[in-house]
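Peer 1: Quick one: sequence and predicted model below, then my questions.
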Amino acid sequence: MTAQTPKEYADQVSTQMRKGFLVYCVLMICSKGEMYSSDIIQELRDTSFVVVEGTMYPLLNRLQKDGLLLHDWKESPSGPPRKYYRISPGGHDVLHELKHMTQQFQIVMTNLEKE
């Protein structure tokens, strides 16, 4: 075992798992239609997935840069234009693959828990 406590080690692994899972969740949310960043954050929070804005904005930019999300600027009645995100065709392909992988992970976990 490393110099880390078991909790510290588990927290580190959990952080890595959450990063990948967050991508899957954001793509799933954006596959429903155009979404404003704060609406994405709120939808995640409504499911008890704790996420902070400081994590979300770099992720949205990276997913856009990677071609998985597209965006449009729309006028806002209460201030400057807002950036709305939607999933791209490539993002749909990645979402499909992630959904399949998640299902496989669930099968593995179910089987391991039986033993």
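Peer 2: Yep, that arrived.

Peer 1: Now do the helices in this structure.
Peer 2: 6-30, 37-46, 53-65, 89-114 (DSSP state H).

Peer 1: So which of those helices is nearest Pro80?
Peer 2: Minimum separation from Pro80 across the helices of the chain (Cβ to Cβ) falls at helix 37-46, 13.4 Å. Using the backbone N, CA and C atoms, a C-beta is placed for each residue, glycine as well.

Peer 1: which outside residues touch the closest one?
Peer 2: 22, 25-26, 29-30, 35, 50-51, 53, 56-57, 60, 83, 85 (Cβ atoms under 8 Å, 6 or more residues apart in numbering).

Peer 1: same thing but at 7 Å, please
Peer 2: For helix 37-46, the external contacting residues (Cβ atoms under 7 Å, 6 or more residues apart in numbering) are Cys25, Val26, Ile29, Val51, Glu53, Met56, Tyr57, Leu60, Lys83.

Peer 1: Please apply the same query to stretch 53-63.
Peer 2: Contacts of stretch 53-63 (Cβ under 7 Å, 6+ apart): Leu22, Val23, Val26, Ser37, Ile40, Ile41, Leu69, Tyr85.

Peer 1: Which pLDDT does the model give the fourth one?
Peer 2: This means Ser37. If you check Ser37, the pLDDT there is 92.

Peer 1: Can you report how many residues neighbour it?
Peer 2: 18 (other Cβ atoms under 10 Å).

Peer 1: try the second one
Peer 2: Residue crowding around Val23 was assessed by other Cβ under 10 Å; the count is 19.

Peer 1: Contact partners for it?
Peer 2: Leu63.

Peer 1: ok, Asp72 to Ile107 distance?
Peer 2: Noted for Asp72: a distance of 38 Å to Ile107, by Cβ to Cβ, to the nearest Å.
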